[in-house]
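Undergrad: the following comprises the amino acid sequence and a computationally predicted model.
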Amino acid sequence: MGIKIPKSVVFGSAACTIVGGIYLIKDKIAGTAYEGNEKLTNKVVIVTGANTGIGKEVTRDLAKREAKVIMACRDLFKCEKARKEIVLETKNKFVYCRQCNLASQSSIRAFVDKFKKENDRLDILINNAGVMRCPKGVTTDGIETQLGVNHMGHFLLTNLLLDTLKASAPSRIVVVSSAAHRKGKIKTDDFNSENSYDGAEAYAQSKLANVLFTKELAKKLAGTGVTVNAVHPGIVDTEITRHMSYSKSTTATVMVKPFFWLFIKTPKQGAQAVLNAALNPELQNVTGKYLSEFKIVEEEEETDEVKNNKLAEWLWITSTKWTKL
């Protein structure tokens, strides 16, 4: 006589199988994890926007590798909360919060001054912080917010740290960009979006600026032992989407976000491509490239804007003027 299995057990087992299958599919869609086991003992790393999202997960991973990590953040309260969590988990006490508001050039300069007084080397700079599709606004220096934070802030920060990076060579700079740069246009006639403003266009312009900055900086750093690459980490569920319409709508959050959840990476998954760009020994001598997750995108695959060397030079000169370098 066969044993009759209760329907609740059957349904429960089926539900567990389905849920498990969904998570396996999500992990598959999320792509490759960085599996390098490099130790970073006595290495110094700066991560901007390190208290949340990708930046926090990158910081956590680097702390596990025994790096000294400087968390460059605007909000010190949130930074300290994240720092304590990471220190307790990794047992690495060499993780520090330092204020750096990328929307304020005076704050950036103050951060760099303090960093140089406290450190004599910098092995990796990860330009991760950013804003996306925010309402029209300007930084304390009068620059459109997305352009000011995503590009100008990191442009200034990087240039002020170049002497330390060169002295610490071989060293790396990682610029977190986005596939949105492919839709970007550098509006040379309205660079600051004063005549017209569209949040999506301004974001794409700032991300294109990231890539053009990377290419031009790589030329200027040739032969120094410092490499710089831009990386698109994939579509990641972080606080950067807080200004998106679906994030502000309860209906959209309930109806739409669960559907896209399967195809969106977690911050930890998004951090993998950044870690690859920062640590992979195979990229030691690779510079001036744009990586779409783990793949190096060749120049012939890029947009005409990215291949426009004159535009990259114009952006560099303009950025130098706007940051008073």
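TA: Done, it's in. Residues are numbered from 1 along each chain as shown.
Undergrad: need the contact list for Leu221.
TA: Leu221 makes contacts with 162, 166, 227-228, 287, as judged by Cβ atoms under 8 Å, 6 or more residues apart in numbering. For glycine as for every other residue, the C-beta is placed from the backbone atoms N, C-alpha and C.
Undergrad: just the ones of the residues you listed in strands?
TA: The members of the contacts of Leu221 that map onto strands under DSSP state E are 227-228.
Undergrad: so how do I select the buried members of the contacts of Leu221 in ChimeraX?
TA: If you want just the buried ones from those in ChimeraX, going by 16 or more other Cβ atoms under 10 Å, the selection is:
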select :162,227,228,287
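Undergrad: dump the contacts of Leu221 to CSV, plus pLDDT and distance to Leu122.
TA: Listed next are those as CSV, based on pLDDT from 0 to 100; distance: Cβ to Cβ, whole Å:
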residue, pLDDT, distance to Leu122
Leu162, 98, 9
Lys166, 98, 10
Thr227, 98, 13
Val228, 98, 13
Thr287, 98, 17
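Undergrad: out of the contacts of Leu221, who's nearest Glu38?
TA: Glu38 lies nearest to Thr227 out of the contacts of Leu221, by Cβ to Cβ, at 15.3 Å.
Undergrad: okay, and the beta partners of that closest one?
TA: Bridge pairing for Thr227 (DSSP bridges) gives the partners Arg172.
Undergrad: gap between it and Pro170?
TA: Using Cβ to Cβ, to the nearest Å, we find Thr227 at a distance of 8 Å from Pro170.
Undergrad: which residues are in contact with both of the two?
TA: Counting by Cβ under 8 Å, 6+ apart, the common neighbours of Thr227 and Pro170 are Gln284.
Undergrad: tell me the contacts of Glu305?
TA: With Cβ under 8 Å, 6+ apart, Glu305 has these contacts: 184-186, 208, 212, 311.
Undergrad: which of those residues has the largest number of neighbours?
TA: Leu212 (28 neighbours; other Cβ atoms under 10 Å).
Undergrad: excluding its backbone neighbours, what's nearest that one?
TA: Distances taken as Cβ to Cβ, 6 or more residues apart in numbering put Ala312 closest to Leu212, at 4.3 Å, once the chain neighbours are dropped.
Undergrad: list the residues that contact Asn128.
TA: Going by Cβ under 8 Å, 6+ apart, Asn128 touches 47-50, 54-55, 58, 174, 176, 274.
Undergrad: what are the ranges of the strands in this protein?
TA: Secondary structure of the chain (DSSP E): strands at 44-48, 68-73, 95-99, 124-127, 171-176, 226-232, 290-292, 295-297.
Undergrad: nearest to Glu282, of the ones you listed?
TA: If you check each of the strands of the chain against Glu282 by Cβ to Cβ, strand 295-297 wins as the nearest, at 10.1 Å.
Undergrad: which positions in that closest one come out as buried?
TA: For strand 295-297, by 16+ other Cβ under 10 Å, it's Val297.
Undergrad: ok, now stretch 81-93?
TA: 82-83, 86-87, 90, 92.
Undergrad: next one: stretch 282-299
TA: Neighbour counts over stretch 282-299 (16+ other Cβ under 10 Å) mark 283, 286-294, 297 as buried.
Undergrad: just stretch 214-223 next, same as before
TA: Residues of stretch 214-223 classed as buried: 214-218, 221 (neighbour count, 16+ other Cβ under 10 Å).
Undergrad: just the C-alpha atoms of it, please, in CSV.
TA: Taking C-alpha atoms only, stretch 214-223 is exported to CSV below (Å, rounded to 0.1, in the frame of the first residue of the first chain):
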residue,chain,number,x,y,z
THR,A,214,39.3,57.8,-19.5
LYS,A,215,40.6,57.7,-23.0
GLU,A,216,42.3,61.1,-22.8
LEU,A,217,43.8,60.5,-19.4
ALA,A,218,45.3,57.2,-20.6
LYS,A,219,47.2,59.1,-23.2
LYS,A,220,48.5,61.6,-20.7
LEU,A,221,49.6,58.7,-18.3
ALA,A,222,51.4,56.7,-21.0
GLY,A,223,54.7,55.3,-19.6
